[in-house]
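> Take a look and give me a structure for this.
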Amino acid sequence: MNSGIDHKFEAIDIHELLPQQEPFVLVDRLLWFDDKTTTTTLTICADNLFVENRVLNNCALIENIAQTAAVRLGYYNKYILKVGIRLGFIGSVRDMKILRQVRLGETLTTTISVLEEIMKMTLVDAVILSGKEVIATAKMKIAMSEMEIK
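Next up, the predicted model:
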């Protein structure tokens, strides 16, 4: 799965790659895509559903990883296969480590690296950074659906 396209990732509307809709979108921008790695950003704003008392709820970090995986699949489907956006489902989360809470105004950079792809299952290793500081790490298994939604 090689992009084969000279894309300016910052010009892509992230909503075109995701099945999620506002206000449940937890990625802002695609920074990088290749066959093994995808990187996105998310700036924590006051109107984020998961922000309370200026702190992001930790469960949002799991969804941010899942949506980074969804951006990977969305990019591949739209720009390489030329098909619609498909649903993915979290199969499991393992070895999740959250080193600290995320505060309002921080920008997270989330990178997923594909460890295995078998049939319609993908196992990724995820790292979430704020600047150069590691905020969270996890392994996530994602099941892919054949159902096109966009």
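> what about stretch 127-137, start to end distance?
5 Å (C-alpha to C-alpha, to the nearest Å).
> Now do the buried residues in the top strand by length along the chain.
In the chain, with assignment by DSSP state E, the single longest strand is strand 133-148. Within strand 133-148, the residues scored as buried using 16 or more other C-beta atoms under 10 Å are 135-142, 144. Backbone N, C-alpha and C define where each C-beta goes, glycine included.
> Average pLDDT for the helix or strand hosting I65, rounded please.
Using DSSP states H and E, I65 sits in helix 59-75. Taken as a whole, helix 59-75 carries a mean pLDDT of 96.
> quick one, that helix and strand 133-148 angle?
50 degrees (axes from the mean of the first three to the mean of the last three C-alpha atoms, to 10 degrees).
> Could you list every helix and strand that helix 59-75 packs against?
strand 29-33, strand 37-43, strand 86-98, strand 107-118, strand 121-130, strand 133-148 (3 or more C-beta pairs under 8 Å, 6 or more residues apart in numbering; DSSP states H and E).
> ok and the longest strand of the chain relative to strand 86-98, angle-wise?
160 degrees.
> if we can go back for a sec, among the buried residues of strand 133-148, which one sits closest to N77?
M144 (9.8 Å; C-beta to C-beta).
> quick one: the spatially closest residue to that closest one that is not a sequence neighbour and G88, what's the gap?
In space, and not counting its chain neighbours, M144 is closest to K120: 4.2 Å by C-beta to C-beta, 6 or more residues apart in numbering. K120 sits at a distance of 9 Å from G88 (criterion: C-beta to C-beta, to the nearest Å).
> same check, this time on E52
E52 is 27 Å from G88, by C-beta to C-beta.
> Pick out whichever of those two has more residues nearby.
The neighbour comparison of E52 against G88 (other C-beta atoms under 10 Å) goes to G88, with 20 against 10.
> What residue, apart from its backbone neighbours, is nearest the more buried one spatially?
Going by C-beta to C-beta, 6+ apart, G88 has I142 as its nearest residue, at 4.8 Å.
> ok, back up a step: okay, and the common contacts of K120 and G88?
143-145 (C-beta atoms under 8 Å, 6 or more residues apart in numbering).
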